[in-house]
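Visitor: Just a sequence and a predicted model for now, questions to come.
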Protein chains: 2
Amino acid sequence: MSSLDYLFNPASIVLIGAAHTGIKLGGVVLKNLLTFRGKVYPVNPKYDELMGVKAYRTVGEIPDSADLGIIMRPASEVPEILKELAGKVKCAIVVSSGFAEIGEHELQSEVKGIAKEAGIRLLGPNCMGVFYPGNRLDTFFITPERMKRPRKGNVAILSQSGAIMASLFEAIRVSNTGISKAVGYGNAVDIDESDLYEYFLQDKESDVVVSYIESLDDGRKFVERARALSEKKSLIVLKSGKGASGSAAAFSHTGRLAGRYEVFHSILKQFRIREARDFDGLMDATKALSYQGTSGKPSPAAGGIGNRVCIVTNGGGSGVLAADECMRQGLDVGTVSDEKMNRLRGVFPNFYVLHNPIDLTAQVKDDDFLTVLNELKDDYDGFVIIALPNVLGITERLGELMKHFRKTVPKPLVFHIPTDGVSNRIITLLEKARIPVYSSPERAVRGLTALLLRP
Amino acid sequence: MSSLDYLFNPASIVLIGAAHTGIKLGGVVLKNLLTFRGKVYPVNPKYDELMGVKAYRTVGEIPDSADLGIIMRPASEVPEILKELAGKVKCAIVVSSGFAEIGEHELQSEVKGIAKEAGIRLLGPNCMGVFYPGNRLDTFFITPERMKRPRKGNVAILSQSGAIMASLFEAIRVSNTGISKAVGYGNAVDIDESDLYEYFLQDKESDVVVSYIESLDDGRKFVERARALSEKKSLIVLKSGKGASGSAAAFSHTGRLAGRYEVFHSILKQFRIREARDFDGLMDATKALSYQGTSGKPSPAAGGIGNRVCIVTNGGGSGVLAADECMRQGLDVGTVSDEKMNRLRGVFPNFYVLHNPIDLTAQVKDDDFLTVLNELKDDYDGFVIIALPNVLGITERLGELMKHFRKTVPKPLVFHIPTDGVSNRIITLLEKARIPVYSSPERAVRGLTALLLRP
């Protein structure tokens, strides 16, 4: 068992700073831990019982040792608490803030030293901790009412920032994707993104790893581990602090040096580590890669599939916008072969436009999309379907047809459907069939790009 | 009265190709016209009455002349219909498709010639026509169930494509913006974007003009009119057909030459005509400019306001992402002056980060945002507020506070709030107060950019 396993699969947890009410952060965490599958030892000097769980006045009173400690006390108390935990826990999450991020570098160094000496692997300080639905483990100090938890899925989230963690949770939930494990690692005095990359290399539940980074301590280790992870999984990095002002902010946020972004960017490119430009770009790629999972061989993680894209639309203008984005992304919207065009010409009305983008016009019928896909499935590497549901010919049946197609042909396939009232049911059907739907033609193309091109 | 006035303010309309049922396109349009404030003459050779309105077998039978004709018959019949309409209407919308967009250039030329000879101004062919809520005029052949109409507002939409028109309607509606007038002008054999720019220069109901273009016939006229319009209103152009494949698609869609995009792009830049990169970029700018309206002097249309931006957040990571986007957009996230920092230091907890971005942390209270705005309102040109509603300190009260601030200080101000469950009410309050809310930090910055920088 790797020492990081104790973060996700502890048999028992000590919660220092547990509280009796959900108004206090230590109460929120205790409440979240009530569903945890292992044993929980809440520690609070004033209570013998908290939320129905036997509580302990001090760490020393706990009869057993535990795998994981969670520290929710003010920063100044953390060194002493860690000393008490020596020999008692294998791993600790320091949720408390008040360290390097506000200039308290000495206190942070002290904490780091004590943990090292005590042989405790440390997550944080100034962090959200761990969310692992597979084990009903949730150390977040924000209630599910204030921060809805997404369903279980194949996306791992590693975020230095708690705010971004919350935004990612919401975005993952809205895009009908799910989370395997999430880790907020804050100031990263011990466990950092590189350690987590190594762990997730072996994690069978995660196909996609989303990594939000504000600062790095060891660039060499990062590149080595990120590269190794990228060979096996879909790693997507979002690095913030790109400009001078952003760097200053990132520094004050976690107390680590943000570094020169240009250097970082070119290294990622050189080592073919996938990088998102911004939050929406991160989510566009994540959605596509998560939906594709590992079922669609060849795996996008292992290498580029190809760049030939076919766009099928029932609205000319939207098809042109998608073609423009393909050009920007380096995807080739090559023309349909004469042979295939003649075959399609034989079954379609003469006003359908059978170049690429293929425009099925306002006269479209659901089955037309399937006809095109079946005819051209071997001619292109991926497909962008744009279904504008404003016309009578587009119905829920489209969702059913695509579900069946997806089962038999696992090729990269993304949709753009505007979130108009009548389209909600089609979107639900498609996404249940693991076909990602995007809110604009260009975002759909950006999703497909993540499936087709190696970074 | 300009001849284009007959498009928006006709006293009477002749509808050729009217039908008795909403299953036919001519029936959809007739139904939409039932609420029109002027007189409607439906023409159909088989009926004396359609949907409760007296109908005419031929155009000749109509007793009066009319301002506007709408033609919904097959392409091949259009030349004859236009000849019949000579002297009968001042302006005509040819909704029918089947012209240059499918290679029927001769037929299109014929139609153009007949209209010119008859002194009829022509919109189309292959177009959506006109939507003008101020006059309850709606010539679109898609039902409101299939394509929801946004409320009345200050955004004019000029779209060559019907598909993009539908997508824009949905995006405008979702962003709580409204439409003044919308025109789908299709193949543009007579009335084109340049003519419409000239018209909208004088249109008091429109502050923002959104122009989706696939192809241009007269580049010189376009630049001249676009430039003039940009001096008085916020014109935003989205040009599609940027690549070789996109151009080919744009050609087959409207039958006009798409041209070299690079040339177009550099000309727009040279003449400071605002251009959107893609659909989302178009909507980000439109929302901000529409909300700002003409109340916020100096007008963004008239010139740049300044590039000094203050970011106020309660989540460090999101603030850094916003700062990064500011850098990309050429906005300056300059540090807070010593004097103001000391004043804020006096009223805020010591762990608040008072550089820029200002991070009010998870301990934030609603009033903190107002405190910062009041203190710094004269130090910056615009503000990005990021309110992550996952913490207890953010409540609906934030909406009320901002509403009041907005009334007294009309400075450019945009929000990012993730669309989490608890935030919906705050978003509603803010948007009612004409403060635009965006779904990501970067999109908020892109909205603000449209308010601050001259193209």
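Guide: That came through, no problem.

Visitor: and residue A:325, what element?
Guide: In the assignment (DSSP states H and E), residue A:325 maps to helix A:316-329.

Visitor: And residue A:180, by the same measure?
Guide: According to DSSP H and E, residue A:180 maps onto strand A:179-184.

Visitor: Is chain B within reach of the strand or helix carrying residue A:427?
Guide: Here residue A:427, judged by DSSP H and E, is contained in helix A:424-432. No. Judged by Cβ under 8 Å from any Cβ of the partner chain, helix A:424-432 stays clear of chain B, getting no closer than 12.2 Å. To be clear about C-beta, it is placed using only N, CA and C from the backbone, and glycine gets the same treatment.

Visitor: And that helix, what's buried?
Guide: Judged by neighbour count (16 or more other Cβ atoms under 10 Å in any protein chain shown), helix A:424-432 contains these buried residues: A:426, A:427, A:429, A:430, A:431.

Visitor: Identify the residues contacting that helix?
Guide: Residues outside helix A:424-432 that contact it (Cβ atoms under 8 Å, 6 or more residues apart in numbering or on different chains): A:176, A:291, A:387, A:389, A:394-396, A:398-400, A:402-403, A:415, A:417, A:419, A:437.

Visitor: Follow the chain on from that helix and name the next helix or strand.
Guide: That would be, after helix A:424-432 and using DSSP H and E, strand A:437-438.

Visitor: Partner strands of that following strand, with direction?
Guide: Using DSSP bridges, the strands paired with strand A:437-438 in its sheet are strand A:413-416 (parallel).

Visitor: So which residues make contact with the strand it pairs with?
Guide: With contact meaning Cβ under 8 Å, 6+ apart, strand A:413-416 is reached by A:288, A:318, A:322, A:373, A:382-387, A:402, A:405-406, A:427, A:430, A:435-441, A:443-445, A:447-448, A:451.

Visitor: Quick one: mean pLDDT over that strand.
Guide: Mean pLDDT, strand A:413-416: 94.

Visitor: repeat for stretch A:386-402
Guide: Rounded mean pLDDT across stretch A:386-402 is 91.

Visitor: Straight-line length of that stretch, end to end?
Guide: Terminal residues of stretch A:386-402 are spaced 13 Å apart (Cα to Cα, to the nearest Å).

Visitor: Now look at that stretch and say if it contacts chain B.
Guide: Yes. Against chain B, stretch A:386-402 shows contacts by Cβ under 8 Å from any Cβ at A:388, A:389, A:390, A:391, A:392.

Visitor: rewinding a little: mind giving me the packing neighbours of the helix holding residue A:325?
Guide: strand A:309-313, strand A:358-359, strand A:382-386, helix A:441-452, helix B:162-174, helix B:244-254 (3 or more Cβ pairs under 8 Å, 6 or more residues apart in numbering or on different chains; DSSP states H and E).

Visitor: tell me the phi and psi of residue A:332?
Guide: Backbone torsions for residue A:332, taken as degrees, to the nearest 10, come to phi -100, psi 120.

Visitor: And the residue of the stretch 101-250 of chain A closest to chain B?
Guide: Residue nearest to chain B within the stretch 101-250 of chain A: residue A:163 (2.3 Å; Cβ to the nearest Cβ).

Visitor: separation between the residue nearest to that residue when sequence neighbours are not counted and residue A:237?
Guide: Among residues not flanking residue A:163 along the chain, residue B:315 sits closest, at 2.3 Å (Cβ to Cβ, 6 or more residues apart in numbering or on different chains). Using Cβ to Cβ, to the nearest Å, residue B:315 is found at 19 Å from residue A:237.

Visitor: neighbour count winner among these two?
Guide: With other Cβ atoms under 10 Å in any protein chain shown as the criterion, residue B:315 and residue A:237 differ in neighbour count, and residue B:315 comes out ahead with 30 against 22.

Visitor: Going toward the C-terminus from the helix or strand of chain A with the lowest mean pLDDT, what's the next helix or strand?
Guide: The helix or strand of chain A with the poorest confidence is helix A:244-254; it has a mean of 57 (mean pLDDT, DSSP states H and E). The helix or strand immediately downstream of helix A:244-254 is helix A:261-270, counting by DSSP H and E.

Visitor: Okay, buried residues for that following helix please.
Guide: So helix A:261-270, judged by 16+ other Cβ under 10 Å, has buried residues A:261, A:264, A:267, A:268.

Visitor: which one of the residues you listed is nearest residue A:124?
Guide: Proximity of the buried residues of helix A:261-270 to residue A:124 was ranked by Cβ to Cβ; the top entry is residue A:264 with 23.3 Å.

Visitor: Quick one: residues contacting the closest residue to the closest one other than its chain neighbours.
Guide: Leaving aside its chain neighbours, residue A:264 sits nearest to residue A:239 (5.8 Å; criterion: Cβ to Cβ, 6+ apart). By Cβ under 8 Å, 6+ apart, the contact list for residue A:239 reads A:213, A:214, A:261, A:264, A:265, A:275.

Visitor: quick one on the thing from earlier: may I see the PyMOL selection of the buried members of the contacts of helix A:424-432?
Guide: Of the contacts of helix A:424-432, the buried ones can be selected in PyMOL as follows, counting by 16+ other Cβ under 10 Å:
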select buried, chain A and resi 176+291+387+389+394+398+399+402+415+417+437
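
Visitor: Pull the residues that contact the biggest strand by length in chain A.
Guide: If you go by DSSP state E, chain A has its longest strand at strand A:152-159. With Cβ under 8 Å, 6+ apart as the test, strand A:152-159 has contacts from A:128, A:133-134, A:165, A:168-169, A:172, A:177-185, A:193, A:196, A:200, A:203, A:205-212, A:286, A:290, A:293, B:317.

Visitor: Smallest distance to chain B belongs to which residue of the stretch 201-350 of chain A?
Guide: Ranked by Cβ to the nearest Cβ, the top residue of the stretch 201-350 of chain A for proximity to chain B is residue A:315, at 2.2 Å.

Visitor: That residue contacts residue B:161, doesn't it?
Guide: Yes. Taking contacts as Cβ atoms under 8 Å, residue A:315 lies within contact range of residue B:161: 6.9 Å.

Visitor: For the stretch 51-200 of chain A, what lies in contact range of chain B?
Guide: Taking Cβ under 8 Å from any Cβ, the part of the stretch 51-200 of chain A that reaches chain B is made up of A:97-98, A:101-102, A:142, A:145-148, A:159-164, A:166-167, A:170-171, A:174.

Visitor: re the thing from before, could you pull up the contacting residues of the residue nearest to residue A:163?
Guide: Per Cβ under 8 Å, 6+ apart, neighbours of residue B:315: A:161, A:162, A:163, A:164, A:166, A:167, B:359, B:362, B:386, B:388.

Visitor: Could you tell me how many residues sit around the last one?
Guide: A total of 27 residues lie near residue B:388 under the criterion other Cβ under 10 Å.
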